[in-house]
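K.L.:
sequence first, then the predicted structure, then my questions.
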Amino acid sequence: MKITKLGHCCLLLEINGTRFLTDPGNYTTAQNEVTNIDFVVISHEHTDHLHVESLMTVLSHNPKAKVICNQSVGKMLDKESIPYQVIDSNSNEKTNEFDTNGIIISGHGTKHAPIFRDYEQVENTGYLFTDNTSTEAGAESVNKNMFYPGDSFEVTTIPNVSIDILAFPVTAPWCTISNAMDYVLAVKPKIAFPVHDGNLVRHGLTNRLPGEFLPKNSIQFIALELGKETDF
């Protein structure tokens, strides 16, 4: 199993020759140049995970790639006539699993972690990638699966298997490093690596959310610009 982090939550995952791209959002552009992609897997509809223009660029460079997502993301893709396959925990039409040549993709969870009350609490699906090809071939693989939870730390949605590799969010308006560490300890993977770290260099909701809600409560919000003197 080979993993390349392109930025934020955009990962290039290669399992026994099959290549998966996760969450091509607007915090990254490196995904626009990647080729030989078999599947694009999208956890939820927020723009740091799904940038439709970037997705269309990725698909133009990878015309045989298939999109896997939840129903909520699917509704957005319908507007752009982008075909997809639903794999999530809500689907009544099929199970939450998809098998591609012995590599199993399964969907887990339903809700995005709370940002502020019910603000943008969209459908979120975590994805478990499991390599069964080595088992079928009678060989042993050190790391057979990877779990990417999207934007959720809900422990009840952790797959009921031993997790070899965990991609865990480390910073967000809905997350503290304490939350992140507790989640990793709850999952108990063999290996963990950080994602969702684009906010370390971008303000995003840390400015937009206070700017939207605080003035409604008679509180002025000012985002200070670095290096610029502000007169109060």
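P.N.:
Thanks, I have it.
K.L.:
where's the residue nearest to the spatial centre of the chain relative to Ile3, distance?
P.N.:
Closest residue to the average C-alpha location of the chain: Gly150 at 3.7 Å, with C-alpha atoms, centre = their mean. Distance from Gly150 to Ile3, counting by C-beta to C-beta, to the nearest Å: 16 Å. (Glycine included, C-beta is placed from N, CA and C.)
K.L.:
got it, and Tyr127?
P.N.:
Taking C-beta to C-beta as the measure, Tyr127 falls 13 Å from Ile3.
K.L.:
now Lys66
P.N.:
Lys66 is 20 Å from Ile3, where distance means C-beta to C-beta.
K.L.:
ok, Leu59 next?
P.N.:
Taken as C-beta to C-beta, the span from Leu59 to Ile3 is 22 Å.
K.L.:
all helices for this protein, in order.
P.N.:
With DSSP state H as the criterion, the chain has helices at 52-61, 71-79, 133-136, 177-187, 205-213.
K.L.:
tell me which of those lies nearest to Asp38.
P.N.:
With distances scored as C-beta to C-beta, the stretch of those nearest to Asp38 is helix 52-61 (11.9 Å).
K.L.:
now that closest one - C-alpha only, PDB.
P.N.:
C-alpha atoms of helix 52-61 as PDB (Å, rounded to 0.1, in the frame of the first residue of the first chain):
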ATOM      1  CA  VAL A  52     -16.200  20.700  -8.400                       C
ATOM      2  CA  GLU A  53     -14.000  22.500 -11.000                       C
ATOM      3  CA  SER A  54     -11.000  20.600  -9.700                       C
ATOM      4  CA  LEU A  55     -12.900  17.300  -9.900                       C
ATOM      5  CA  MET A  56     -13.800  18.000 -13.500                       C
ATOM      6  CA  THR A  57     -10.200  18.700 -14.300                       C
ATOM      7  CA  VAL A  58      -9.100  15.500 -12.600                       C
ATOM      8  CA  LEU A  59     -11.700  13.500 -14.500                       C
ATOM      9  CA  SER A  60     -10.700  15.200 -17.800                       C
ATOM     10  CA  HIS A  61      -7.100  13.900 -17.200                       C
END
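K.L.:
quick one: Asp197 and Lys5 touch, right?
P.N.:
No - using C-beta atoms under 8 Å, Asp197 is not in contact with Lys5; the gap is 9.4 Å.
K.L.:
now the strands for the protein?
P.N.:
With DSSP state E, the ranges of strands along the chain come out as 2-7, 10-15, 18-22, 39-41, 66-69, 85-86, 97-100, 103-108, 126-131, 145-148, 165-169, 191-195.
K.L.:
same question for the third one, mean pLDDT?
P.N.:
For strand 18-22, the mean per-residue pLDDT is 97.
K.L.:
mind listing what that strand pairs with, with the direction of each?
P.N.:
strand 10-15 (antiparallel), strand 39-41 (parallel) (DSSP bridges).
K.L.:
of all the ones you listed, which lies closest to Ile87?
P.N.:
strand 39-41 (8.3 Å).
K.L.:
distance between that closest one and the chain's centre?
P.N.:
11 Å (C-alpha atoms, centre = their mean, to the nearest Å).
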